[in-house]
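[1] no FASTA, just this:
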């Protein structure tokens, strides 16, 4: 019916993305917009841009956790305890998400990874956590982990990161409309959908 | 009628504060909450906390201007052109605001300073700009500028900054409820008012 698409650029490891992972699909569907899940390495872009939001900034980091807890309550997003941070040092969870995006099971994987991280307090990027997540999704963990570690997925992940860089993206989540307009942050999701409907 | 108060901590020089300066008073009044305007030196806290949001970050800075323009349109806040940045190197406008807060004309002064900055594209912290602003407000510019440059106002400005630091503030605008709960950003104004009504 509609041909409107909103690109959901995100990184498993971004804290506020927890809110977007729970909200974006439902709000997009209600707006009649198709959501395209696009994992990318925000860590690479942040390093390039010298954009270090929380490391070494304890006052801002403390606020971030408090704000996410409050926003979760306000938006009816599950949030139980303060999860470990940072996570996914090898970006393995993000590469599995990249494979999942190529194969069509990215939303389910990403939701499971965030549940593991935010609700079970566990880094979803370790081999053990990834095996557990993949098991619950009925995926062949050995095959997935091997493929996600291979050159093709690494190249796709890098290409998605290049695409994000080209759009002027610097943080996760970022919602990108078809006309190139970008909206950073879960709290700009509604703005992004409105823009998408009105302009893109 | 009500005894609810929301402290509006801000710095003339913060870009997103332009939105809050236009919105906070009306939304607070509609919620039956009294707004207390409290200028402070976010620059001092940012230096202490190594929190440099835009300097040396051209990608993020470009997004910030675009986002403010879009938010202004969405929220019916005037925004004509990209104003100069940074401004008020001596924090003179902020010290005049501190004096104005002590004397009861802070909202009018702050609104005039932001109009000068955002709508006329002029640094409101220069002596010439301050004289023009104070003239439109019917204030004695010589007397105001002399007092704002004196020890008492400098001490009050520093004390307000100490207060902000003690609350865990790291950015402008920040809305602080009576129970110490803080909300950073114009986009948390509604959350802050709701919190204030429900808890503080």
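    Here it is on my side, so go on. Everything quoted here is computed from the prediction, not taken from an experiment.

[2] so where is chain A shaky, pLDDT-wise?
    Where chain A drops to pLDDT under 70, the residues are A:1-2, A:200.

[3] for it, which segments count as strands?
    Remark: strands assigned in chain A by DSSP state E are A:5-10, A:34-39, A:174-177, A:182-184.

[4] out of those, flag the one nearest chain B.
    In terms of CB to the nearest CB, the element of the strands of chain A nearest to chain B is strand A:182-184, at 6.3 Å. Glycine gets a C-beta too; all of them are placed from N, C-alpha and C.

[5] who are the packing partners of the closest one?
    Judged by 3 or more CB pairs under 8 Å, 6 or more residues apart in numbering or on different chains; DSSP states H and E, the packing partners of strand A:182-184 are strand A:174-177, helix A:189-198, helix B:58-75.

[6] near chain B, which residues of chain A? Just list them.
    A:49-51, A:56-57, A:59-60, A:62-63, A:67, A:70-71, A:74, A:168, A:170-171, A:182-184, A:187-188, A:191, A:194-195 (CB under 8 Å from any CB of the partner chain).

[7] now with 10 Å?
    Proximity of chain A to chain B is assessed by CB under 10 Å from any CB of the partner chain, with A:45-46, A:48-54, A:56-64, A:66-67, A:70-71, A:74, A:165, A:168-171, A:174, A:181-185, A:187-188, A:190-191, A:194-195 identified as the residues in range.

[8] type out the ChimeraX command that picks the buried ones from those residues.
    The ChimeraX selection below is limited to those of those classed as buried (16 or more other CB atoms under 10 Å in any protein chain shown):
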select /A:45,46,49,51,53,54,57,59,60,61,63,64,67,70,71,165,168,169,170,171,174,181,182,183,184,185,187,188,191,195
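
[9] picking up where we left off before, out of the strands of chain A, which is closest to residue A:124?
    Nearest to residue A:124, of all these, is strand A:34-39, at 12.4 Å by CB to CB.

[10] what's the closest of the strands of chain A to residue B:24?
    Smallest distance to residue B:24 across the strands of chain A (CB to CB): 22.7 Å, for strand A:182-184.

[11] can you list the strands that that closest one pairs with?
    Sheet pairing for strand A:182-184, assigned by DSSP bridges, gives strand A:174-177 (antiparallel).

[12] just give me the neighbour total for residue A:38.
    Around residue A:38 there are 19 other residues, counting by other CB atoms under 10 Å in any protein chain shown.

[13] tell me how far it lies from residue A:97.
    From residue A:38 over to residue A:97 the distance is 9 Å, taken as CB to CB, to the nearest Å.

[14] overlap of the contact sets of those two?
    Residues touching both residue A:38 and residue A:97 (CB atoms under 10 Å, 6 or more residues apart in numbering or on different chains) are A:10, A:106.

[15] circling back: reformat the helices and strands packed on strand A:182-184 as CSV; add distance to residue A:82.
    What follows is the helices and strands packed on strand A:182-184, written out as CSV (distance: least, CB to CB, whole Å):
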stretch, distance to residue A:82
strand A:174-177, 24
helix A:189-198, 23
helix B:58-75, 26
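
[16] for these, which one sits closest to residue B:8?
    Using CB to CB as the measure, helix B:58-75 is the one of the helices and strands packed on strand A:182-184 that comes nearest residue B:8, at 16.3 Å.

[17] which residues touch the closest residue to residue A:80 other than its chain neighbours?
    Take residue A:80 and drop its neighbours on the chain: the residue closest to it by CB to CB, 6 or more residues apart in numbering or on different chains is residue A:119, 5.6 Å away. Residue A:119 makes contact with A:18, A:78, A:79, A:80, A:81, A:83, according to CB under 10 Å, 6+ apart.

[18] residues in contact with the closest residue to the third one other than its chain neighbours?
    Distances taken as CB to CB, 6+ apart put residue A:72 closest to residue A:79, at 3.5 Å, once the chain neighbours are dropped. For residue A:72, the contacting residues are A:18, A:19, A:22, A:78, A:79, A:80, A:118, by CB under 10 Å, 6+ apart.

[19] tell me how far residue A:72 lies from chain B.
    As judged by CB to the nearest CB, to the nearest Å, residue A:72 and chain B stand 12 Å apart.

[20] tell me where chain A has helices.
    Shown for chain A, the helices assigned by DSSP state H span residues A:17-31, A:42-48, A:58-75, A:92-103, A:106-114, A:127-136, A:141-148, A:151-166, A:189-198.

[21] so the last one versus helix A:58-75, what angle?
    Meaning helix A:189-198. For helix A:189-198 against helix A:58-75, the angle between stretch directions is 60 degrees (axes from the mean of the first three to the mean of the last three CA atoms, to 10 degrees).

[22] helix A:189-198 packs against which elements?
    Contacts of helix A:189-198 with other secondary structure elements, assessed using 3 or more CB pairs under 10 Å, 6 or more residues apart in numbering or on different chains; DSSP states H and E, are made with strand A:5-10, helix A:17-31, strand A:174-177, strand A:182-184, helix B:58-75.

[23] distance of residue A:114 from chain B?
    Taking CB to the nearest CB as the measure, residue A:114 falls 22 Å from chain B.
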